[in-house]
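> Got a predicted structure here, sequence first:
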Amino acid sequence: MHELSVCQALIGQVVNVAREHQATAVKTVNVRIGPLSGVEPDLLAQAFPLAAAGTVAEAAQLMIESLPIRVHCDKCGAETAAAANRLVCGACGDWHTRLVSGDEMLLASVELAT
Amino acid sequence: MCETCGCNITPGNEHLARQKNDQGQDAVTVLKSLLSANDQQAAHNRAHFDEHGVLALNLMSSPGAGKTLLLEATITELKREFRIAVIEGDLETENDAARIRAHGVPAVQITTGTACHLDAHMVHGALHHTDLADVDILFIENVGNLVCPASFDLGQHRNVTLLSVTEGDDKPAKYPVMFRAADLVLFTKTDLLPVLDDFDPARAERCVRDLANPAPVLRLSAKKRDGLAAWFDWLRAERAAQRERARRGQTLRPAVQPDGARVHAQDAPRLRYHSSAL
């Protein structure tokens, strides 16, 4: 889903952080992507060099932490792994669950050279 | 202490969140959504709606599932009960806005060119052509697309996702992000069920439940005016709830918001909009 435009937004944020800290370069960009975020990690990795070219982040390494899908069951209280289109409790099978992890698309942190 | 929402980073401890790693580099904790610029604009739009007590609904579906026809049937029934306005989103043509205007309801058409979804910035532009002081319910008819629109907050209060019976009853399983984001699911064109042997509404509803989505699922035909009463009742209830929230100074987001949007909610500025900005 628009990984290039998502990358451009990401680079915009990274450049702002670098400017705020008077950094000369960005070494690492750490993002957390969940399977239900609508962002595909491989496509994000492909788009990153394109979006970063000509910016303070152009030599940065993109580190993507892929987060698992985990649900908390409102019925039995268990926290279990789940699939993107089957978010039922892995312990009791009930569908009244809450997503604990899996829809993240976060810029977690940035490592700068100053 | 929360590890994902950033609430543990304050001006007082910010220097701890920024640490030198062993190569003498500064590691800065950010914890912001990749879509935070859109989320910020969406929050402004939402504040705008709340200021005027307007219920904003985002209608999504694949192309041709019947969003515009449903709006026409809704306007026919409810335009004397509620003041309705519509924002239309399509890549090209003003066809849908023209259909809405033919019913005497104001409609703003956003032609996106190549963008396959509406975003908060586009909706904000459309609001410049809308007088929210004269509106009870604003329908935003998104671009026909089951993939991207679900991920872009527009500032709406509720998401309504349509699935027509000719599309296949396993579509909620194939498009989990979209169907998880729905506050209401509508199975449309039910008048065609007698000539279809491969759409089981119960199976489609089970696919929605497998997404842990408790949203109501309604079956209707806008063309044959069948099953619409439950949809109109849902609208009336949502409109009343929005009026009550506005009275209390509260807001509402669609039931499912990506984690990033929750993170960003920490630092979204609280701006007030003035009706003179319209």
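Ah, there it is. Numbering: from 1, shown residues only, chains lettered A, B, ... in the order given.

> before we move on, which element is A:Arg32 in?
strand A:25-33 (DSSP states H and E).

> Might you report the residue contacts of the residue lying closest to A:Cys92 once chain neighbours are set aside?
Leaving out its chain neighbours, the residue that sits closest to A:Cys92 by CB to CB, 6 or more residues apart in numbering or on different chains is A:Cys76, at 4.3 Å. Backbone N, C-alpha and C define where each C-beta goes, glycine included. A:Cys76 sits next to A:89, A:91-92, A:94 when contact means CB atoms under 8 Å, 6 or more residues apart in numbering or on different chains.

> Widest-spaced pair of those residues?
The most widely separated members of the contacts of A:Cys76, counting by CB to CB, are A:Ala91 and A:Asp94 (8.8 Å).

> which residues are common contacts for the two?
With CB under 8 Å, 6+ apart as the test, A:Ala91 and A:Asp94 both reach A:73, A:76.

> who wins for neighbours among the contacts of A:Cys76?
Using other CB atoms under 10 Å in any protein chain shown as the neighbour criterion, A:Cys89 leads these with 22 neighbours.

> Tell me the pLDDT of the nearest residue to A:Ala60 once chain neighbours are set aside.
For A:Ala60, ignoring the flanking residues on the chain, the nearest one in space by CB to CB, 6+ apart is A:Val26 at 4.2 Å. At A:Val26, the model reports a pLDDT of 96.

> same check, this time on B:Ala255
B:Ala255 carries a pLDDT value of 82.

> cool, B:Arg101 as well?
According to the model, B:Arg101 scores 97 on pLDDT.

> shouldn't it be in contact with B:Gln109?
No: B:Arg101 is beyond contact range of B:Gln109, at 9.4 Å (criterion: CB atoms under 8 Å).

> Which neighbouring elements make contact with the helix ranked longest in chain B?
Looking across chain B with DSSP state H, the single longest helix is helix B:228-248. In terms of contact count using 3 or more CB pairs under 8 Å, 6 or more residues apart in numbering or on different chains; DSSP states H and E, helix B:228-248 is assigned the packing partners strand B:55-60, helix B:67-78, strand B:217-219.

> could you redo the last one with a cut-off of 6 Å?
strand B:55-60 (3 or more CB pairs under 6 Å, 6 or more residues apart in numbering or on different chains; DSSP states H and E).

> contact partners of the strand it packs on?
Strand B:55-60 is touched from outside by B:49, B:67, B:137-142, B:149, B:154, B:156-161, B:238-239, B:242, with contacts defined as CB atoms under 6 Å, 6 or more residues apart in numbering or on different chains.

> Taking helix B:67-78 as reference, get the angle to that strand.
150 degrees (axes from the mean of the first three to the mean of the last three CA atoms, to 10 degrees).

> Could you give the separation of strand B:55-60 from the chain centroid?
In terms of CA atoms, centre = their mean, to the nearest Å, the centre of strand B:55-60 is set 5 Å apart from its chain centre.

> and B:Val177, that one's in a strand?
No: residue state for B:Val177 (DSSP: H, G, I helix; E, B strand; the rest coil) corresponds to helix; a strand is not indicated.

> That one and B:Leu91: what is the separation?
Plainly put, B:Val177 is 21 Å away from B:Leu91 if you go by CB to CB, to the nearest Å.

> Which one of these two is surrounded by more residues?
Legend: neighbour count by other CB under 10 Å for B:Val177 and B:Leu91, higher for B:Val177 (23 against 15).

> chain center to the longest helix belonging to chain A: distance?
Longest helix in chain A, counting residues (DSSP H): helix A:3-20. For helix A:3-20, the separation from the chain centroid amounts to 13 Å (computed by CA atoms, centre = their mean).

> Tell me where the chain is predicted with low confidence.
Using chain A. Under the criterion pLDDT under 70, the flagged ranges of chain A are A:1.

> My question was about chain B, not that one.
Low-confidence segments of chain B (pLDDT under 70): B:1-25, B:257-278.

> circling back: the residue nearest to A:Ala60 reaches A:Ala57, doesn't it?
Yes: contact status for A:Val26 versus A:Ala57: in contact at 4.1 Å, counting by CB atoms under 6 Å.

> shared neighbours, the two?
A:Val14.

> Looking at these two, which one has more neighbours?
A:Ala57 (29 against 25).

> What's the local residue count around the nearest residue to B:Asp119 once chain neighbours are set aside?
Spatially, and ignoring its direct neighbours in sequence, B:Asp119 is nearest to B:Phe152 (4.7 Å; CB to CB, 6+ apart). As a burial measure, B:Phe152 scores 23 neighbours (other CB under 10 Å).

> Off-centre distance for the strand holding A:Arg32?
10 Å.

> now stretch B:181-193
With CA atoms, centre = their mean, you get 16 Å for stretch B:181-193.

> buried set for stretch B:228-247?
The neighbour-count check on stretch B:228-247 (16 or more other CB atoms under 10 Å in any protein chain shown) flags B:228, B:231, B:234-235, B:238-239, B:242, B:245-246 as buried.

> Okay, and the beta partners of the most centrally placed residue in chain B?
Chain B has B:Asn58 as the residue nearest its centroid, 3.2 Å off, counting by CA atoms, centre = their mean. Applying DSSP bridges to B:Asn58 gives these bridge partners: B:Ile140, B:Asn159.
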